[in-house]
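Colleague: got a predicted structure plus its sequence, pasted below:
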Amino acid sequence: MATEPSSPSTPRTVQLATQILQHTTSIESFLQKNGLPSPSFAPGTPPKLPLPPALEASLGAALGALDELNALLLGPMGWLLQQVGHAYDLCSLHAMYRYKVPSQLGVDETVSITELAARCHADEDVMGRLVQHAMTNYLLLRPAPGQVAHSATSTLLASAPPLHDWIGSVCEDMWPAAAHVVPALAKWRDGGEEPTAEPNQTGHNLAEGSDVPFFDTLARSPERARRFASAMGMMQTMPGFEPAAALEGYDWGALVVPGNSTDEKATATVVDVGGSAGTFAVALTDKHPDLHVVVQDAAAVISKARAELPERSTGKVTLQSHDFFTPQPVVGAGAYFFRMVLHDWPDAYCVRILRQLVPALHPGARLVINDFCIPPPGQTSLYHERQIRDKDIAMLAMFNSKERTVDEWIALVAKADVRFRLRSVVHLPASPLGLVEFIWGEEQER
Ligand SMILES: C[S@@+](CC[C@H](N)C(=O)[O-])C[C@H]1O[C@@H](n2cnc3c(N)ncnc32)[C@H](O)[C@@H]1O
């Protein structure tokens, strides 16, 4: 929705408050017209507002304005205090995860904090403090002093084990690593044009006191590996990360080359490199049954994926254990697809991964990178830019890697091999992910 122009003399805070009011009014009137509930903290509230794309934009604008208004009204000192305060938010969320607090409460139940602490086998005083902190962040509700009940967020956590896994991975894998990012910078060395650091010299390594890269840490701990894979699967259901966006944003059907004779079946192979449990591959072959997708990942990930692959995907999705630092075994595929894989690796490692493809590539093969694309400065609100920059810092903490701009993706692929030629760049709507497509060799396009 277009906001009313305000006079240049209107103070910025009032401009922002007006925008918030206008956008919120549009959203509420849509919800009302469609018989949908107003946003609330009550259990059973949908995980996200069910809005059409135009109102998604309104929601984004309202949140961006709210963030700026909050910072302006707090003033620099208050804003700093708020930043510091956020450092403790994950403590109470972590306690919710560790003690499975959401599962200890019945949906319509109100219990005393004493009773909840007993159900959690936790110290009453400490648990009471953590729970009351969680209440201030709307993670739980306080129906009366000393009482606790479910909120919209805690019911969601109780009902979705992968979401619980994701919180666990954030609190126990990523958060300790983030706290060690800055001390880990001492390990970086001057690599000439760009300083470099290894994937085993990260915040994660300092936090763990180990020198193995994150994915090797996972390989040594089946439960942590399961939790991380579950968290990755959960991410695929989050707004902007669903396979649907990448399915619609790219012409997968164009990869299918018709056979020469009528009895020759039209088909093409897509290799989903680092494809984890195959969530994307299943969605892709559901939509394009003429495609054959080979999902490649570490052996432990593939053996778990085998147990979970839906029956309808048999014959359309092949699961293959493959280390992408070794030569690509699928020769002559139509496309090699990397979805949220290369952002886990520093540039020099991405170059090594991409070069492993080269002997397998036939002219015209596509390299499709479906990954975070940092927008150019000023293209989005700082609030929205912060969401993707948070991910960038997470990459630094876990892998000494980074999120990249489209130009950085293009430069990186050129560094791997100049025979990869840029073919298209797609910015997926309402998603921090883009699709950057390259074509191999001089051959005319299909
Ligand atoms: C961030 S996850 C992305 C998974 C999936 N593409 C998605 O979109 O959810 C990165 C994947 O790379 C896999 N991986 C890491 N190192 C690998 C290696 N050396 N060879 C193959 N896969 C690897 C991990 O097991 C993990 O499944």
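Modeller: Received it, and whenever you're ready, just let me know what you need.

Colleague: C-alpha only now, for contacts and for neighbours.
Modeller: Noted.

Colleague: what about stretch 257-269, how long is it end to end?
Modeller: Taking C-alpha to C-alpha, to the nearest Å, the first and last residues of stretch 257-269 lie 10 Å apart.

Colleague: correction: the previous question concerned stretch 426-433.
Modeller: Terminal residues of stretch 426-433 are spaced 9 Å apart (C-alpha to C-alpha).

Colleague: outside of it itself, list whatever touches it.
Modeller: Defining contact as C-alpha atoms under 8 Å, 6 or more residues apart in numbering, one finds that stretch 426-433 is touched by 239-241, 245-246, 249-250, 370-374, 388, 434-436.

Colleague: the residues you listed in strands, which ones?
Modeller: 370, 371, 372, 434, 435, 436 (DSSP state E).

Colleague: show me what the third one is bridged to.
Modeller: Residues found in beta-bridge contact with residue 372 (criterion: DSSP bridges) are residue 433.

Colleague: what sits against the closest residue to the ligand within the stretch 301-446 of the chain?
Modeller: Closest approach of the stretch 301-446 of the chain to the ligand (C-alpha to the nearest ligand atom) occurs at residue 323, with a separation of 3.5 Å. The contact partners of residue 323, by C-alpha under 8 Å, 6+ apart, come to 296, 297, 298.

Colleague: where does it land on pLDDT?
Modeller: Per-residue confidence (pLDDT) for residue 323: 97.

Colleague: that one and residue 217, how far apart?
Modeller: Distance, residue 323 to residue 217, using C-alpha to C-alpha: 16 Å.

Colleague: one more: residue 101?
Modeller: 27 Å.

Colleague: same thing with residue 226?
Modeller: Per C-alpha to C-alpha, residue 226 is found 12 Å from residue 217.

Colleague: among the contacts of stretch 426-433, name the buried ones.
Modeller: Listed as buried from the contacts of stretch 426-433 are 240-241, 245-246, 249-250, 370-374, 388, 434-436; burial here means 16 or more other C-alpha atoms under 10 Å.

Colleague: what's the farthest-apart pair in these?
Modeller: Farthest pair in these (C-alpha to C-alpha) is 250 and 388. Separation: 22.0 Å.

Colleague: to what extent is residue 8 buried, counted in neighbours?
Modeller: When neighbours are defined as other C-alpha atoms under 10 Å, residue 8 has 8 of them.

Colleague: pLDDT wise, what is it at?
Modeller: 76.

Colleague: begin at 14 from here
Modeller: Got it, first residue is 14 now, which makes that one residue 21.

Colleague: so it lies in a helix, does it not?
Modeller: No - using DSSP: H, G, I helix; E, B strand; the rest coil, the assignment for residue 21 is coil, not a helix.

Colleague: so how far is the ligand from it?
Modeller: Computed as C-alpha to the nearest ligand atom, to the nearest Å, the residue 21 to the ligand distance reads 45 Å.

Colleague: that residue and residue 28, how far apart?
Modeller: Remark: distance between residue 21 and residue 28 (C-alpha to C-alpha) = 9 Å.

Colleague: same check, this time on residue 174
Modeller: Here the criterion is C-alpha to C-alpha. By it, residue 174 lies 42 Å from residue 28.

Colleague: which one of the two is surrounded by more residues?
Modeller: The neighbour comparison of residue 174 against residue 28 (other C-alpha under 10 Å) goes to residue 28, with 20 against 15.

Colleague: that one: helix or strand, and which one exactly?
Modeller: Residue 28 belongs to helix 25-46 when assigned by DSSP states H and E.

Colleague: and that helix, which residues are buried?
Modeller: Neighbour counts using 16+ other C-alpha under 10 Å place 26, 28, 29, 31, 32, 33, 35, 36, 37, 40, 43, 44 of helix 25-46 among the buried residues.

Colleague: closest to residue 168 out of those?
Modeller: Set against residue 168, the nearest of the buried residues of helix 25-46 by C-alpha to C-alpha is residue 44 (22.0 Å).

Colleague: farthest pair within the contacts of stretch 439-446?
Modeller: Farthest pair in the contacts of stretch 439-446 (C-alpha to C-alpha) is 263 and 401. Separation: 22.0 Å.

Colleague: tell me how far the helix holding residue 28 lies from the chain's centre.
Modeller: The chain centre lies 28 Å from the centre of helix 25-46; the measure is C-alpha atoms, centre = their mean, to the nearest Å.

Colleague: which parts of the chain sit against the ligand?
Modeller: Residues of the chain lying close to the ligand by C-alpha under 6 Å from any ligand atom are 228, 245, 287-289, 310-311, 335-338, 352-354.

Colleague: could I get these as JSON lines with distance to residue 96 and secondary structure?
Modeller: Putting the residues of the chain next to the ligand into JSON lines (distance: C-alpha to C-alpha, whole Å; DSSP: H, G, I helix; E, B strand; the rest coil) gives the following:
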{"residue": "228", "distance to residue 96": "31", "secondary structure": "helix"}
{"residue": "245", "distance to residue 96": "28", "secondary structure": "helix"}
{"residue": "287", "distance to residue 96": "35", "secondary structure": "coil"}
{"residue": "288", "distance to residue 96": "36", "secondary structure": "coil"}
{"residue": "289", "distance to residue 96": "35", "secondary structure": "coil"}
{"residue": "310", "distance to residue 96": "38", "secondary structure": "strand"}
{"residue": "311", "distance to residue 96": "38", "secondary structure": "coil"}
{"residue": "335", "distance to residue 96": "43", "secondary structure": "coil"}
{"residue": "336", "distance to residue 96": "40", "secondary structure": "coil"}
{"residue": "337", "distance to residue 96": "39", "secondary structure": "coil"}
{"residue": "338", "distance to residue 96": "40", "secondary structure": "coil"}
{"residue": "352", "distance to residue 96": "32", "secondary structure": "strand"}
{"residue": "353", "distance to residue 96": "29", "secondary structure": "coil"}
{"residue": "354", "distance to residue 96": "30", "secondary structure": "coil"}
